[in-house]
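Engineer: model this:
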Amino acid sequence: MTSKQLKPEQVMLDEIESKKLLKEAGIPVVETRLSRTKDEVVEISREIGFPVALKVISPDVVHKSDIGGVKVGLTDTSQVSKAIDEIYSGVEKNVAGARIEGISVQKMAQPGVEIIIGMNEDAQFGPVIMFGLGGVMVEALRDVSFRVIPITAWDAAEMIHEIRGFSLLKGFRGQEPVDIKLLAKLLTMVSKLVEKNPQIKELDINPLIISGREAVAVDARILVEL
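Structural biologist: Below you'll find the model as predicted:
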């Protein structure tokens, strides 16, 4: 997702709002809850169950990991308390004056292959969907494929096979291969979501973690035009 200046009629949904929209479209997401205070973060962490991940929720912070706004693999309340302080100090240090709306708390997802599914508006072609390896890999390798929305299951399969990192999906060095049909289905579901909601101008699911026959969106941001 870009960090460009938003137009007055555009709104960037936060992680929790974006995941709600994805879930309503049938796309699996990690349960994520918003907390406003340090005590709430600790309480929600206990309720969800360790290990947990914490992320800052702020309209002024796009790349949360880059400024210390994400803490993962927290296994007890003392680690959670320390992580909260580090998140706030990291944001204050790196994004002066940033508005912090709270901290999102979510259960750590099972390890797997990190995928990115994105979408933006092309001036010539209209809405375009993107697929590739996610996490930090997307910026390091730029290993992605594109199609104009709407896409078919056939288009989705072609997108998946086109990336150079396809061998990671097939089961690299003895790892369990991922469910390619499931990935293709998720791509078509995102395509349909955008097609049915033309107010969506940008979408970023990164990462979507897939392991075997299970996939879940761990982080997401959606830009809508009112």
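Engineer: CA atoms for contacts and neighbours, from now on please.
Structural biologist: Noted.
Engineer: okay, now the unreliable bits of this protein?
Structural biologist: Applying pLDDT under 70 to the chain flags residues 1-6, 136-141.
Engineer: tell me the domain ranges of it?
Structural biologist: Following automatic domain parsing, one finds the domains of the chain at 31-107, 111-225.
Engineer: these: which one's closest to D14?
Structural biologist: domain 111-225 (6.0 Å; C-alpha to C-alpha).
Engineer: returning to what we had before: Serialize the domains of the chain to JSON lines and add fields for distance to A25 and mean neighbour count.
Structural biologist: Shown next, in JSON lines, are these (distance: least, C-alpha to C-alpha, whole Å; neighbours: other C-alpha atoms under 10 Å):
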{"stretch": "domain 31-107", "distance to A25": "15", "mean neighbour count": "18"}
{"stretch": "domain 111-225", "distance to A25": "7", "mean neighbour count": "18"}
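Engineer: now distance to E24 too, for those, in CSV please.
Structural biologist: Below are those laid out as CSV (distance: least, C-alpha to C-alpha, whole Å):
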stretch, distance to E24
domain 31-107, 13
domain 111-225, 10
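Engineer: so for K7, which of those domains sits nearest?
Structural biologist: Of the domains of the chain, nearest to K7 by C-alpha to C-alpha is domain 111-225, at 8.6 Å.
Engineer: figure out the length between the terminal residues of the closest one.
Structural biologist: Terminal residues of domain 111-225 lie 34 Å apart, using C-alpha to C-alpha, to the nearest Å.
Engineer: S81 - that's part of a helix, no?
Structural biologist: Yes - residue state for S81 (DSSP: H, G, I helix; E, B strand; the rest coil) corresponds to a helix.
Engineer: so what's it up against?
Structural biologist: For S81, the contact set (C-alpha atoms under 8 Å, 6 or more residues apart in numbering) comprises K38, V42.
Engineer: which helices and strands does the strand ranked longest in the chain pack with?
Structural biologist: The longest strand of the chain (DSSP state E) is strand 200-211. Packing partners of strand 200-211 (3 or more C-alpha pairs under 8 Å, 6 or more residues apart in numbering; DSSP states H and E): strand 113-122, strand 214-217, strand 220-225.
Engineer: can you tell me what sits against the last one?
Structural biologist: Okay, so that is strand 220-225. Contacts with strand 220-225, where a contact means C-alpha under 8 Å, 6+ apart, come from 1, 9-15, 18-19, 199-207.
Engineer: give me that answer again for 6 Å
Structural biologist: Strand 220-225 is touched from outside by 9-15, 18, 199-205, with contacts defined as C-alpha atoms under 6 Å, 6 or more residues apart in numbering.
Engineer: quick one on the thing from earlier: what's the angle between the longest strand of the chain and strand 220-225?
Structural biologist: Between strand 200-211 and strand 220-225, the angle comes out at 170 degrees (axes from the mean of the first three to the mean of the last three C-alpha atoms, to 10 degrees).
Engineer: now G174: how far from A98?
Structural biologist: To A98, G174 is 45 Å away according to C-alpha to C-alpha.
Engineer: whoops, A220 was the one
Structural biologist: 20 Å.
Engineer: and for S65?
Structural biologist: Counting by C-alpha to C-alpha, the gap from S65 to A98 is 15 Å.
Engineer: would you list the phi and psi of the closest residue to L186 other than its chain neighbours?
Structural biologist: Of all residues not flanking L186 in the chain, I27 sits nearest, at 6.8 Å (C-alpha to C-alpha, 6 or more residues apart in numbering). Phi and psi for I27, reported as degrees, to the nearest 10, are phi -90, psi 120.
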